[in-house]
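Enquirer: Attaching a predicted model along with its sequence, questions to come.
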Amino acid sequence: MNWRSYAKQGKLRLDRSLIPYIASKLIKVDDHWLWTGSLHGNHRDRPQIKIDGTNYYVARIVWEVLYGPIPDGLEVCHKCDIPNCLEPRHMFLGTHKDNMFDSLKKGHYACKLNIEQVEEAKKDKANGMTYQRIADKFGVGISTIYNIINGVTYLHLKEVSNDKQ
Ligand SMILES: [Zn+2]
């Protein structure tokens, strides 16, 4: 059952009134609007919101408020390759398979940079370089850099490095 059905039952107020709340949880990074609230998913990188004990993907709410119901079997995917970006223009509807392929590609990001490069990327960011410029410098995707700098994959890298010691 999607959030619209819940709303019809009068249990939730999942409508445009949620948008100011969602907007208050976003920060602008380059041309992306990144979620600073709760995350969920395989890589713990998908924005979610809990209302009356039920979790909803924020990307789905944003999409449905702006463009209408999402047809069965389709999911919100990201052109920009950043799963926690909620800039509507960076979203498109795809099948579960598209999304799986998306996250499979992302699953490999942990192997792309070593610890020294991660530290260097963090320094670059602290010195004011954009995510895109850092990504270009290391020859990886912007989501790789975003996730590494924000700690999403760093923990994994640390574990790998500890194993070797
Ligand atoms: Zn984006």
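Expert: Cool, the structure landed.

Enquirer: Quick check: closest non-adjacent residue to residue 91.
Expert: Leaving out its chain neighbours, the residue that sits closest to residue 91 by Cβ to Cβ, 6 or more residues apart in numbering is residue 76, at 5.2 Å. In this view, the C-beta of every residue, glycine as well, is placed from N, C-alpha and C.

Enquirer: One more: residue 25?
Expert: Nearest to residue 25 is residue 37, by Cβ to Cβ, 6+ apart, at 4.2 Å.

Enquirer: What of residue 32?
Expert: residue 85 (4.3 Å).

Enquirer: Same question for residue 45.
Expert: Here the residue nearest residue 45, using Cβ to Cβ, 6+ apart, is residue 83, at 4.4 Å.

Enquirer: how about stretch 76-85: buried residues?
Expert: 76-78, 80-85 (16 or more other Cβ atoms under 10 Å).

Enquirer: so which of those are also by the ion?
Expert: 80, 82, 85 (Cβ under 5 Å from the ion).

Enquirer: Torsion angles phi and psi at the first one?
Expert: In this case it means residue 80. With angles defined as degrees, to the nearest 10, residue 80 sits at phi -80, psi 0.

Enquirer: Which residues are in contact with it?
Expert: 32, 87, 90, 142-143 (Cβ atoms under 8 Å, 6 or more residues apart in numbering).

Enquirer: if we go to 7 Å?
Expert: 32, 90 (Cβ atoms under 7 Å, 6 or more residues apart in numbering).

Enquirer: Then the last one?
Expert: If a contact means Cβ under 7 Å, 6+ apart, then residue 85 has 32-34, 78 as its contacts.

Enquirer: cutoff 6 Å now
Expert: Residue 85 makes contact with 32, 34, 78, according to Cβ atoms under 6 Å, 6 or more residues apart in numbering.
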